[in-house]
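Novice: Next comes the sequence, and after it the predicted model I'd like to discuss.
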Amino acid sequence: MLKNKIDFIFLIEHPKRELEFIKKVASNLTSYGYSVKIISIHYHLIDVFFCKGSVILMPYCLDQSDFPFSVIPKKNNFKFINFNWEQLIGPITKSSKVIKRDARNVIQLYWSDDFKSFLKSESKIKEKNLVKSVNPGSYILSNPVKNKNFLEYLKKLNFNKYYFLPVNYNWAMMSEKRIKSRLKLGYSKSDAETYVNYSKKHQLMFFDFVEELLKDGNVVVLRPHPGITTDNYKKKLFSTNKFISKHPNFYLDDNFNAYDWINHAEYTVSNWSTLIHDAHFAGKKAALFWPEDIPTLIDSIANKSPHKIKNLNQLKSISKTNTTQAVNDNYFNFIKNLITIKNKKINQNLSFRITKLDFLKIMRTLFYNLSFRFGLKFLIKKRILKDHFYKITYTKK
């Protein structure tokens, strides 16, 4: 079977979270003479089977049975890297992020010192497998690119001033089935119940805050977490707060990426989304909605530095930060680290055994790909449909 020689393959889970940063990385790598492919784990994973000798960067990799790591052949001389996209996490999430078995031999990227300590102490990752990267969110927000399509989109919506609310209420919105699947990752039942119950409580308080914004005459754009659809929120608001759901200045929108919205917003506010941490250190007017102290098991290091507000008056009193970070230096050191990994001889000692379930997951990606290609989008789960993008190949310059 013909094998393509692609130097770097980036696997994307949520393009609106990851793609803009990865495209920047890909462009820089090609300037150094390397070829890059960017593909979706939901739609294009079969492409990996036709490559060899690539450095494969995955958005997550917790165990040798973890999809997509579990289905990628290990005999094709690949070098695997776990991007660890989510690093500013609290105790309850850390309990589900412990890396096990063969996944410990995968190179682990870190940019948070707290997360590095977690990798070493809890996951027993050896120092040789730890590689410094950069906070993607802070880098993109510190180096904004003018998106003409986004500006045209704002014109169509007929507003240019707005409050942006990228919320993270996954546990308040997930079905019982999805919650049970999370328990299998390592969450205790009692911690999960605490997370669900408090998320629901906090969400209702947040809706009261949204009301306050709307009654003050502001345009409000609420963006769901990537794992939740706008339809989920429409149903939730219709049942809990009809004032918001029917208000002409309220928008539910997950178009474009969050960075575009943050860069043009008057203010950005969230519950405990790490986007606020990233925006804060990029000098944006951003704050956490903090009507009360949250449970310790949900809290994280990401919540320590940003402004915390309880109401609109407090929000209007915040200013841009003067905090500076050497994000650009960290970014280019990260690019050099990737090149070093590519050119270095590494034996990761990875076993490979594909199961029936793995085979079905591969077939599912093909099914999603063909369904999208032939216009049968109704056959794709809505939360997966929103993560579609066309694969991208960067050739050597």
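Specialist: Alright, I've got the coordinates.

Novice: Which positions in the helix ranked longest in the chain come out as buried?
Specialist: What stands out as the longest helix in the chain, according to DSSP state H, is helix 189-215. The neighbour-count check on helix 189-215 (16 or more other Cβ atoms under 10 Å) flags 191-192, 194-196, 198-199, 202-203, 206-207, 209-211, 213-214 as buried. (Glycine included, C-beta is placed from N, CA and C.)

Novice: again, but for stretch 107-125
Specialist: Going by neighbour count (16+ other Cβ under 10 Å), the buried part of stretch 107-125 is Ile107, Gln108, Leu109, Tyr110, Trp111, Ser112, Phe115, Lys116, Phe118, Leu119, Ser123, Ile125.

Novice: give the contact list for the third one.
Specialist: Think Leu109. Ile81, Asn82, Phe83, Asn84, Val131, Lys132, Ser133, Phe334 (Cβ atoms under 8 Å, 6 or more residues apart in numbering).

Novice: do the same with the first one
Specialist: Shown here is Ile107, whose contacts under the criterion Cβ under 8 Å, 6+ apart are Lys79, Phe80, Ile81, Asn82, Asn129, Leu130, Val131, Ile341, Ile346, Gln348.

Novice: you'd agree the last one is up against Phe80?
Specialist: Translated: Gln348. Yes: Gln348 is in contact with Phe80 according to Cβ atoms under 8 Å; the separation is 6.3 Å.

Novice: lowest-confidence helix or strand of the protein?
Specialist: helix 176-183 (a mean of 76; mean pLDDT, DSSP states H and E).

Novice: Okay, angle between that one and helix 189-215 too, please.
Specialist: 120 degrees (axes from the mean of the first three to the mean of the last three Cα atoms, to 10 degrees).

Novice: Keeping just the C-alphas, turn helix 176-183 into CSV.
Specialist: C-alpha atoms of helix 176-183 as CSV (Å, rounded to 0.1, in the frame of the first residue of the first chain):
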residue,chain,number,x,y,z
GLU,A,176,-27.7,11.2,31.6
LYS,A,177,-26.1,8.9,29.0
ARG,A,178,-23.2,11.3,28.5
ILE,A,179,-22.8,11.9,32.2
LYS,A,180,-22.5,8.1,32.8
SER,A,181,-19.9,7.9,30.1
ARG,A,182,-17.9,10.6,31.9
LEU,A,183,-18.0,8.5,35.1
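
Novice: same for that helix, what does it pack against?
Specialist: With contacts defined as 3 or more Cβ pairs under 8 Å, 6 or more residues apart in numbering; DSSP states H and E, helix 176-183 has these neighbours: helix 189-215.

Novice: what's the offset of the helix it packs on from the middle of its chain?
Specialist: Centroid displacement of helix 189-215 relative to its chain, using Cα atoms, centre = their mean, to the nearest Å, is 21 Å.

Novice: Stretch 169-178 too?
Specialist: Centre-to-centre, stretch 169-178 and its host chain are 17 Å apart (Cα atoms, centre = their mean).

Novice: can you pull the buried residues of that stretch?
Specialist: Buried residues in stretch 169-178 (16+ other Cβ under 10 Å): Tyr169, Asn170, Trp171, Ala172, Met173, Met174.
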